[in-house]
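Student: Turn this into a model:
(4 chains)
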Protein chains: 2
Amino acid sequence: MKAPSSDRPIIRPLPAIDRARQVTDALADYVQSARLKAGDRLPAERELMSALMVGRSTIREAIRHFQALGVIETRKGSGTYLLKPVSKATIHMPLSLDTGHLRDVLLQTLEVRRGIECEACMVAARKRTDKDLILIEQNLDAMERVHISKGTSGPEDLAFHLAIYDATHNPLFRQLLEQMRETFWQFWEHPFEREDFARRSFPFHRTLYNAIAARNAEAAREETLKILEVVEEDIKEMSK
Amino acid sequence: MKAPSSDRPIIRPLPAIDRARQVTDALADYVQSARLKAGDRLPAERELMSALMVGRSTIREAIRHFQALGVIETRKGSGTYLLKPVSKATIHMPLSLDTGHLRDVLLQTLEVRRGIECEACMVAARKRTDKDLILIEQNLDAMERVHISKGTSGPEDLAFHLAIYDATHNPLFRQLLEQMRETFWQFWEHPFEREDFARRSFPFHRTLYNAIAARNAEAAREETLKILEVVEEDIKEMSK
DNA sequence: CCTTGGAATTGGTCTGACATCTTAGCATTT
DNA sequence: AAATGCTAAGATGTCAGACCAATTCCAAGG
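Tutor: Have a look, this model is predicted:
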């Protein structure tokens, strides 16, 4: 039986479910309501402390939470900065991948990329608007110009593919592939820097564009496979 | 204020010697050296504190780090438990996905699954060993038995597909799809529970098995597409 | 105008204390 | 002997205060 215990207030300070969850939600909520964009600085820990009425350690652990998720970045003496805008509706899907030898990692990620990138190009071929197509062509032209003048085309190659991902009108493709590229940059970006790669993969980018322009999903898949085959050759060459 | 930074470089210089990084590495190192398995309990915070010779707040923030990455789980009053074994060689790839309406999330994740699952089944068809095939068939048989007796086959359906992913001999496929399933369970698991789904997708599982048994990658892709088409129907039906 | 120094700000860490929850062990009762 | 109830130890959760280290800002001085 529960007599109205007078020693404890009726309204408890919400110990029901993890306070940590509340704080992380509050932080995401603040980012959303304050319209913070990537690069913006968050309030100082001591400000958030008094604003949310929690201890500093709680704030710091919430910051560590988003830091681990790659959403924010802390700079000692300067502040904490937003890398990607978040809100309470943001879903976080952390992947933990056990890696073996370098060659295995490269080939395994390549297999996954084959699945995702081919599908992205197929969807882009089906769903692209005329506006998307123009953007893709602009990036392709820029890529070809740089390739002719400098021999390599790292950033322009990336921009071209990103334009295709955006043409899918499915943000997941871009977020997935961009994050994969960033995570495995140390591994798979090197082949892209080889002038060899740009030269050999060069013709397939134009044909890929043509396939997307013609709304030919199967052809888009074929051309993407050819590009990734060049990548595979480089990986096997590099780690021999 | 400060001038808006033009754009963040792809790779940014790591803060010289981050103590936090050292502690998280040390924690991952301990998990590896102690041969901890999923479900095992980690030493208490105060033990780790003195073992690693750092303050408790530092330990807690490192724990929060791995907690955000879904690697460990803390139970108040009990301890911190390992969900997935990690080591210093474990690569963490956190994805932050901005979700819109439920229907969009479902269809967008389905497009990505189409890419990954089709590729996984194709790779499985090419790389599967006889031992893999036996495992797949066992899971298929179990699934059919349960389907006939109970009408639904949620866990068994999952086990069947996991067996296929393992047959790729590429751990990334299983880790990716398992994590996606876990993250979006609240959204996409419901269609799987419909007896309707089990009935309509039933025949394609046997044909998918046959394609993998025949090492016919293209056929495996076709059958996977058929299964996902049933899923798509359910999604559109559910959110109408 | 530019440089330079110091003060203010901010994240990083440690210590200590208390609250709350879980668990295991002991004592009691059945 | 088995089931039950209670207490105490141990664990995480949280707060507070202090200090360190790095950065930033601004005013004094060249």
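
Student: Around DNA strand D, pick out the residues from chain A.
Tutor: A:18-20, A:53-58, A:61, A:75-78 (CB under 7 Å from any atom of the strand). All C-beta atoms are positioned from the backbone trio N, CA, C, and that covers glycine.

Student: Tabulate these (JSON lines), appending neighbour count and pLDDT.
Tutor: Formatted as JSON lines, the residues of chain A next to DNA strand D follow (neighbours: other CB atoms under 10 Å in any protein chain shown; pLDDT from 0 to 100):
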{"residue": "A:Asp18", "neighbour count": "11", "pLDDT": "67"}
{"residue": "A:Arg19", "neighbour count": "15", "pLDDT": "71"}
{"residue": "A:Ala20", "neighbour count": "16", "pLDDT": "73"}
{"residue": "A:Met53", "neighbour count": "9", "pLDDT": "94"}
{"residue": "A:Val54", "neighbour count": "18", "pLDDT": "95"}
{"residue": "A:Gly55", "neighbour count": "11", "pLDDT": "96"}
{"residue": "A:Arg56", "neighbour count": "13", "pLDDT": "97"}
{"residue": "A:Ser57", "neighbour count": "14", "pLDDT": "97"}
{"residue": "A:Thr58", "neighbour count": "18", "pLDDT": "96"}
{"residue": "A:Glu61", "neighbour count": "22", "pLDDT": "97"}
{"residue": "A:Arg75", "neighbour count": "10", "pLDDT": "95"}
{"residue": "A:Lys76", "neighbour count": "8", "pLDDT": "94"}
{"residue": "A:Gly77", "neighbour count": "4", "pLDDT": "95"}
{"residue": "A:Ser78", "neighbour count": "8", "pLDDT": "95"}
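
Student: can you list the weak-confidence ranges in chain A?
Tutor: In the predicted model of chain A, residues A:1-18, A:151, A:153, A:187-195, A:239-240 satisfy pLDDT under 70.

Student: wait, what's in contact with A:Met49?
Tutor: By CB atoms under 8 Å, 6 or more residues apart in numbering or on different chains, the contact list for A:Met49 reads A:Gly55, A:Arg56, A:Ile59.

Student: One more pass at 6 Å, please.
Tutor: Counting by CB atoms under 6 Å, 6 or more residues apart in numbering or on different chains, A:Met49 makes contact with A:Arg56, A:Ile59.

Student: so which strand or helix has it?
Tutor: A:Met49 is located in helix A:45-52, with elements delineated by DSSP states H and E.

Student: Now do the helix or strand just after that helix: everything it contacts.
Tutor: Toward the C-terminal end, the helix or strand that comes next after helix A:45-52 (DSSP H and E) is helix A:56-68. Here helix A:56-68 makes contact (CB under 6 Å, 6+ apart) with A:23-24, A:27, A:45, A:48-49, A:72, A:80, B:57, B:61, B:64-65, B:68-69.

Student: how about a markdown table for these, with distance to A:Met122 added?
Tutor: Shown next, in a markdown table, are the contacts of helix A:56-68 (distance: CB to CB, whole Å):
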| residue | distance to A:Met122 |
| --- | --- |
| A:Val23 | 42 |
| A:Thr24 | 37 |
| A:Leu27 | 38 |
| A:Glu45 | 47 |
| A:Leu48 | 45 |
| A:Met49 | 50 |
| A:Ile72 | 35 |
| A:Thr80 | 40 |
| B:Ser57 | 50 |
| B:Glu61 | 43 |
| B:Arg64 | 40 |
| B:His65 | 38 |
| B:Ala68 | 34 |
| B:Leu69 | 32 |
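
Student: Report the two of the residues you listed separated the most.
Tutor: Farthest apart among those by CB to CB are A:Met49 and B:Leu69. That separation is 25.0 Å.

Student: quick revisit: and which of the residues of chain A next to DNA strand D is nearest to A:Gln175?
Tutor: A:Arg75 (24.5 Å).

Student: where's that closest one relative to A:Gln67, distance?
Tutor: Separation of A:Arg75 from A:Gln67 (CB to CB, to the nearest Å) stands at 11 Å.

Student: What degree of burial does A:Asp196 show, as a neighbour count?
Tutor: 15 (other CB atoms under 10 Å in any protein chain shown).

Student: before we move on, what about A:Leu83?
Tutor: A:Leu83: 17 neighbours (other CB under 10 Å).

Student: so what's it closest to, chain neighbours aside?
Tutor: Leaving aside its sequence neighbours, A:Leu83 sits nearest to A:Glu73 (CB to CB, 6 or more residues apart in numbering or on different chains; 5.4 Å).

Student: Which secondary structure state does that neighbour sit in?
Tutor: Put simply, A:Glu73 is strand when judged by DSSP: H, G, I helix; E, B strand; the rest coil.

Student: which residues does the residue positioned nearest the centre of chain A contact?
Tutor: Taking CA atoms, centre = their mean, the centroid of chain A lies closest to A:Gln179, which sits 3.2 Å from it. Neighbour list for A:Gln179: B:Leu95 [criterion: CB under 6 Å, 6+ apart].

Student: check whether the longest helix along chain A contacts chain B.
Tutor: The helix that spans the most residues within chain A, counting by DSSP state H, is helix A:102-127. Yes: Helix A:102-127 lies within reach of chain B by CB under 6 Å from any CB of the partner chain, at A:Gln108, A:Glu111, A:Val112, A:Arg114, A:Gly115, A:Ile116, A:Glu119, A:Val123.

Student: So for stretch A:89-99, what gets flagged as buried?
Tutor: Buried residues in stretch A:89-99, counted by 16 or more other CB atoms under 10 Å in any protein chain shown: A:Thr90, A:Ile91, A:His92, A:Met93, A:Pro94, A:Leu95, A:Ser96, A:Leu97, A:Thr99.

Student: ok so, going back, I'd guessed the residue nearest to A:Leu83 sits against A:Thr80; true?
Tutor: No: in this structure A:Glu73 lies outside contact range of A:Thr80 using CB atoms under 6 Å: 7.1 Å.

Student: Between the two, tell me which one has more neighbours.
Tutor: Between A:Glu73 and A:Thr80, counting by other CB under 10 Å, A:Thr80 is the more crowded of the two (20 against 16).

Student: what sits against that one?
Tutor: So A:Thr80 contacts A:Leu42, A:Ile63, A:Ile72, A:Thr74 (CB under 6 Å, 6+ apart).

Student: Moving along the chain from the helix or strand containing it, name the first helix or strand you hit.
Tutor: For A:Thr80, the element it lies in under DSSP H and E is strand A:79-82. Using DSSP H and E, the helix or strand that follows strand A:79-82 in sequence is strand A:90-98.

Student: Quick check: neighbours of that next one in the sheet, parallel or antiparallel?
Tutor: Its sheet considered, strand A:90-98 pairs with strand B:90-98 (antiparallel) by DSSP bridges.

Student: still on that earlier bit, give the other helices and strands that the longest helix of chain A contacts.
Tutor: For helix A:102-127, the packing partners by 3 or more CB pairs under 6 Å, 6 or more residues apart in numbering or on different chains; DSSP states H and E come out as helix A:154-167, helix A:217-238, helix B:102-127.
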